[in-house]
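Engineer: using only what follows, build the 3D model:
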Amino acid sequence: MSDKRVSTTLLGQFTEEHAEAIAKGLHEAGIVWWHKASGGLVRFLSAGDWGVRLFVDASRLDEAREVVRRVAAEFGAKGS
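Structural biologist: Have a look, this model is predicted:
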């Protein structure tokens, strides 16, 4: 692992299925990423806290957005 400091920024909030596919794409692209998923109680109490939030290396945000576009197109082609 590199000693380089990484500043992250929010990529977006996604369903678990989409987040998993996006995370795979980010990993393959070598983009540092992090996720936050709320627990069941929080999801029950707060309708706005659904899905998984993905955070990425802020310096590679544009590349990460391209990964999201590619994954969205793949899911769209599958009819999911």
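Engineer: what's in contact with the biggest helix by length in the chain?
Structural biologist: With DSSP state H setting the assignment, residue counts place helix 61-78 as the longest helix in the chain. If you take C-beta atoms under 8 Å, 6 or more residues apart in numbering as the criterion, helix 61-78 is touched by 9, 11-12, 18, 21-22, 25-26, 29, 31, 33, 56-57. C-beta coordinates here come from the backbone N, C-alpha and C atoms, glycine included.
Engineer: change it to 10 Å
Structural biologist: Under the contact criterion C-beta atoms under 10 Å, 6 or more residues apart in numbering, helix 61-78 has outside partners 8-12, 14-15, 17-33, 54-58, 60, 80.
Engineer: report the rounded mean pLDDT for that helix.
Structural biologist: The pLDDT scores in helix 61-78 average 92.
Engineer: pretty sure F55 sits against A19.
Structural biologist: No. F55 is beyond contact range of A19, at 11.3 Å (criterion: C-beta atoms under 10 Å).
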